[in-house]
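Student: just need the structure, nothing else, for what follows:
(chains A and B)
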Amino acid sequence: AQSVTQLGSHVSVSEGALVLLRCNYSSSVPPYLFWYVQYPNQGLQLLLKYTSAATLVKGINGFEAEFKKSETSFHLTKPSAHMSDAAEYFCAVSDNHFGNEKLTFGTGTRLTIIP
Amino acid sequence: DTAVSQTPKYLVTQMGNDKSIKCEQNLGHDTMYWYKQDSKKFLKIMFSYNNKELIINETVPNRFSPKSPDKAHLNLHINSLELGDSAVYFCASSRLSTASNYGYTFGSGTRLTVV
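Tutor: Modelled structure (predicted):
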């Protein structure tokens, strides 16, 4: 069974500092991996995705993530945090067997930006 | 213009009542999903439908009954509501053959409170 683990349920960084949100995955097949962001009282918005192409994936709002098979990781980074980045971030893995696909989410990381 | 729309956005009801949540997508996707997000923000899949056919049912109590009249709609009916049903319910859609490549599009959620 596939799963993702997000280390750190809360992360605080100063405005302008590096953002690093950690995600490790477990999958019996080559995984497809996603990061979603959820702003307060809103739905989930796709930030970026890894689907077995380039291992360094760039997403919206200046975020990027690197797929490292040897470490089973897909950490999310942003060089310089902005106040508008404050939100809940979810890592997800796809069971990409055609006909029975579902996204399995991690428990989320709340990112707080300190002015 | 909303891609995946859910109604109502908020629902407060008493224990034992029956309620429905509606979901519609105008993206031309063939697969729709219901996810439940609990008070700790954990997201768990409940159901998925592909072209009106149930393909995932994640051991959800049979008080929950999804209905898909066509591939653009997936409604969720809940009988005999319990306190533990209080959560945010998210509808999502995808094109199944590309779900792993493009992820899902989520609605903005329905916050259900059972009192």
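
Student: confidence-wise, which helix or strand of chain B is lowest on average?
Tutor: Least confident helix or strand of chain B, by mean pLDDT, DSSP states H and E, is helix B:99-102 with a mean of 60.

Student: after that one, which helix or strand is next?
Tutor: Next in sequence after helix B:99-102, counting helices and strands by DSSP states H and E, comes strand B:105-106.

Student: give me the contacts around that next one.
Tutor: Contact with strand B:105-106 is made by A:36, A:43-46, B:3-4, B:25, B:27, B:29, B:35, B:90-94, as judged by Cβ atoms under 8 Å, 6 or more residues apart in numbering or on different chains. Quick note: C-beta positions are derived from backbone N, CA and C, even for glycine.

Student: buried members of those residues into PyMOL, please.
Tutor: Those of these that count as buried under 16 or more other Cβ atoms under 10 Å in any protein chain shown are selected in PyMOL with:
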select buried, (chain A and resi 36+43+44+46) or (chain B and resi 4+25+29+35+90+91+92+93+94)
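
Student: for the contacts of strand B:105-106, which one is nearest B:Asn75?
Tutor: Proximity of those to B:Asn75 (Cβ to Cβ) peaks at B:Cys91, which lies at 9.2 Å.

Student: assumed that closest one was part of a strand.
Tutor: Yes: if the criterion is DSSP: H, G, I helix; E, B strand; the rest coil, then B:Cys91 is within a strand.

Student: was I right about it contacting B:Thr7?
Tutor: No: between B:Cys91 and B:Thr7 there is no contact under Cβ atoms under 8 Å: 10.0 Å.

Student: which residues of chain A lie near chain B?
Tutor: Applying Cβ under 8 Å from any Cβ of the partner chain, we find that chain A lies next to chain B at A:32, A:34, A:36, A:38, A:41-46, A:49, A:51, A:88, A:90, A:92, A:94, A:96, A:98-105, A:107-108, A:110.

Student: in which helix or strand does the spatially most central residue of chain A reside?
Tutor: Central residue of chain A (Cα atoms, centre = their mean): A:Trp35, 3.2 Å from the mean position. In this assignment (DSSP H and E), A:Trp35 forms part of strand A:32-38.

Student: quick one: residues contacting A:Trp35.
Tutor: Counting by Cβ under 8 Å, 6+ apart, A:Trp35 makes contact with A:21, A:23, A:46-49, A:59, A:63, A:65, A:74, A:76, A:89-92.
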